[in-house]
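>>> Build me a structure from this.
(2 chains)
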Amino acid sequence: MWKVLLRCVFGFCACLLNLQVQAQTARSDTALFLKPDGPASTLLVKAGESLKVVNRQGFWVEVEAAQGKRGWVKVSILSFAAGAGGPTAIDTGRMGTGNIVATSSARGLSAKDLLSGAPRPEEVAKLDAFAADRAAVQNFLASGSITQLTQTIELRVPELPSKKSLPERSDTSKVGTAGSRSEGKKGGLDDW
Amino acid sequence: MIGKTTSLWRAVLFFCVLSSALPVFAQSDEEEVGSVAAARIMGSAPLIDAPNAQRYVNLVGASVARKADAPYKWRFGLIKTDSVNAFATPGGFVLVTAGLVRSLESEDELAFVLAHEIAHVLQRHHYRVIVKQRLAEQAMKSVQAASGYTQNAALSQASAQLFARGLDKSSEYEADRIGIELMTEAGYDPAAAIGVLERLQKLKGDDPRAELLFATHPSAFERMDVVFQSGIEQLPRPAIEGVNRRTNRFKQFLASFQ
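From the prediction side, this is the model:
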């Protein structure tokens, strides 16, 4: 009896937490679509309106809004930062403090394990044996129908959600990047 | 007083010379630093003893890294721990935990995880921090002590601290962005990146398996916010038949190790 009651209480709390975490808002006014890549419905949501995500297909999410409105929007419509119980709902808040949080973890790899563990160079040496050679990679690409794109993909660098609170750990050494990848398209992210 | 001033100037001079010379010899030093850091991580979580599973992770990693256009010898490892995490160390070492891999649903999701780590290596996120720290220490200790920095114990401890502390948030967002660019160009489905972030969000902040990951990364919501505003929804997606074929072999991979 007690166990059932406890389970109900826990279930209720978990439910509340879940609701809080799920509360996103619309970033801008938009129509709700009947299906992904389908036609728009007559239903509209306003910027700032709460949306509950109930499903996702690729870059589309099915949402529920006030007054039983339901439909599909593109992922870029969602805003987590502005929603009640947004990022901070699951953010541990320990980012960027510069402190090392060495708490105990029941099993696995915690900060404490990293700080107290002895190195095992012999494990690094083993890695070489598993490296993929060119022919194996070609076979793997073919059997997985992986077709390389010919175009270059460039995503935008949006305004960071909490730029003001970024830790002051930027580096000023003269080490460049190794690949041909561009730095932030908006600049100012990594000005080395 | 004069002696102190002289040694300070020598340290500053050394710093300038070393900084300007870095791009020339950085590659091998980078690999050495990465090797020491990887040994430290694997001291707590060794490789899983399943050669076929290790080869599979290397094949997925090599498939993504072939678009990276960087002179690294990439080495990927599946490490034995329930923790949900992945690590990149300088010079091309990428380690992913069994706990994280088991929470994924497809090869394309694994491709995003590895692409995010590959991006850390390409952008030299960890290497920059370690080099800066090393130079600062050397400048303090005088030029003589700095001339042969082979103190692996100090480097090992410094890298453990860095991986316990994490990078700044902007580096994590950048690794997400470049990772998605890389995996898409390589032929994987960029929507799988959203799947991985959703998986992380479902773990919740108090799951002990994800404690270190959440302490060292922005929250999954913050990462989704940035990714959704990056123009990801304009990216081309590969045919579903290929995605399904890869998901089938991913399931075989999951069954191939304990």
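>>> Pull the contacting residues for B:G34.
B:89-93, B:121, B:127 (C-beta atoms under 8 Å, 6 or more residues apart in numbering or on different chains). Quick note: C-beta positions are derived from backbone N, CA and C, even for glycine.
>>> Check what pLDDT it gets.
On pLDDT, B:G34 comes in at 92.
>>> Please, which helix or strand holds it?
helix B:2-44 (DSSP states H and E).
>>> Show me what the very next helix or strand once past that helix is packed against.
Under the assignment DSSP H and E, the closest C-terminal helix or strand after helix B:2-44 is helix B:51-65. Helix B:51-65 sits against helix A:134-143, strand B:75-79, helix B:107-122, helix B:169-186, helix B:240-255, with contacts defined as 3 or more C-beta pairs under 8 Å, 6 or more residues apart in numbering or on different chains; DSSP states H and E.
>>> mind putting those in JSON lines, distance to B:A68 included?
Output for these, formatted as JSON lines (distance: least, C-beta to C-beta, whole Å):
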{"stretch": "helix A:134-143", "distance to B:A68": "13"}
{"stretch": "strand B:75-79", "distance to B:A68": "13"}
{"stretch": "helix B:107-122", "distance to B:A68": "6"}
{"stretch": "helix B:169-186", "distance to B:A68": "6"}
{"stretch": "helix B:240-255", "distance to B:A68": "20"}
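>>> A:T150 is nearest to which of those?
Closest approach to A:T150 among the helices and strands packed on helix B:51-65 (C-beta to C-beta): helix B:169-186, 9.0 Å.
>>> what about that closest one and chain A, touching?
Yes: applying C-beta under 8 Å from any C-beta of the partner chain, one finds helix B:169-186 touching chain A at B:169-171, B:173-174, B:177-178, B:180-182, B:184-186.
>>> From the chain's centroid, how far away is that helix?
11 Å (C-alpha atoms, centre = their mean, to the nearest Å).
>>> per-residue confidence averaged over that helix?
Mean pLDDT, computed over helix B:169-186, is 95.
>>> Can you name the element that comes right after it?
Past helix B:169-186, the next helix or strand by DSSP H and E is helix B:191-203.
>>> how about that following helix: buried residues?
Within helix B:191-203, the residues that qualify as buried are B:191-197, B:199-201, B:203, counting by 16 or more other C-beta atoms under 10 Å in any protein chain shown.
>>> what does stretch B:89-103 give?
Residues of stretch B:89-103 classed as buried: B:89-101, B:103 (neighbour count, 16+ other C-beta under 10 Å).
>>> restrict these to contacts with chain A.
Contacts with chain A within the buried residues of stretch B:89-103, as defined by C-beta under 8 Å from any C-beta: B:93, B:97, B:99.
>>> so of the residues you listed, which ones are in strands?
B:93, B:97 (DSSP state E).
>>> returning to that earlier point: now, which of the contacts of B:G34 sits nearest chain A?
Using C-beta to the nearest C-beta, B:Y127 comes nearest to chain A of these, at 6.2 Å.
>>> if I look at the closest one, how far off is A:D128?
21 Å (C-beta to C-beta, to the nearest Å).
>>> Report the distance from stretch B:73-93 to the chain centre.
7 Å.
>>> How about it, which residues are buried there?
Using 16+ other C-beta under 10 Å as the test for burial, stretch B:73-93 gives B:74-93.
>>> before we move on, what about stretch A:27-42?
Residues A:27, A:30, A:32-33, A:36 are the ones in stretch A:27-42 that count as buried (16+ other C-beta under 10 Å).
>>> what angle separates the longest strand along chain A from helix B:191-203?
Ordering each strand of chain A by length in residues (DSSP E) puts strand A:50-57 first. Using axes from the mean of the first three to the mean of the last three C-alpha atoms, to 10 degrees, one finds that strand A:50-57 and helix B:191-203 are set 130 degrees apart in direction.
>>> what's the distance between A:V45 and chain B?
In this view, A:V45 and chain B are 16 Å apart by C-beta to the nearest C-beta, to the nearest Å.
>>> B:P190 and B:G179, how far apart?
Taking C-beta to C-beta as the measure, B:P190 falls 10 Å from B:G179.
>>> How about B:E31?
Counting by C-beta to C-beta, the gap from B:E31 to B:G179 is 21 Å.
>>> cool, and A:I153?
To B:G179, A:I153 is 11 Å away according to C-beta to C-beta.
>>> of the two, who's got more company?
Taking neighbours as other C-beta atoms under 10 Å in any protein chain shown, A:I153 and B:G179 compare with B:G179 leading, 26 against 20.
>>> Now do the same contact list for the more buried one.
For B:G179, the contacting residues are B:112, B:115-119, B:193, by C-beta under 8 Å, 6+ apart.
>>> and the residue of the stretch 51-200 of chain B found nearest chain A, which of the three is it?
Using C-beta to the nearest C-beta, the closest approach of the stretch 51-200 of chain B to chain A is made by B:S83 at 3.3 Å. Taking DSSP: H, G, I helix; E, B strand; the rest coil as the rule, one finds B:S83 in the coil state.
>>> doesn't B:D207 make contact with it?
No: using C-beta atoms under 8 Å, B:S83 is not in contact with B:D207; the gap is 10.0 Å.
>>> residue ranges with poor pLDDT in chain A?
Judged by pLDDT under 70, chain A has its weakly predicted residues at A:1-23, A:82-108, A:160-175, A:179-192.
>>> ok, which stretches of it are strands?
Counting by DSSP E, the strands of chain A are A:23-26, A:30-33, A:40-45, A:50-57, A:60-64, A:70-74, A:78-79.
>>> mind listing what B:V84 touches?
Listed by C-beta under 8 Å, 6+ apart, the contact partners of B:V84 are B:97, B:99-100, B:103, B:200, B:203, B:207, B:209-210, B:213.
>>> State the distance from the closest residue to A:K69 other than its chain neighbours to A:K52.
Leaving aside its sequence neighbours, A:K69 sits nearest to A:L43 (C-beta to C-beta, 6 or more residues apart in numbering or on different chains; 4.8 Å). Using C-beta to C-beta, one gets 15 Å for the distance from A:L43 to A:K52.
>>> again with A:G58
In terms of C-beta to C-beta, A:G58 sits 19 Å off from A:K52.
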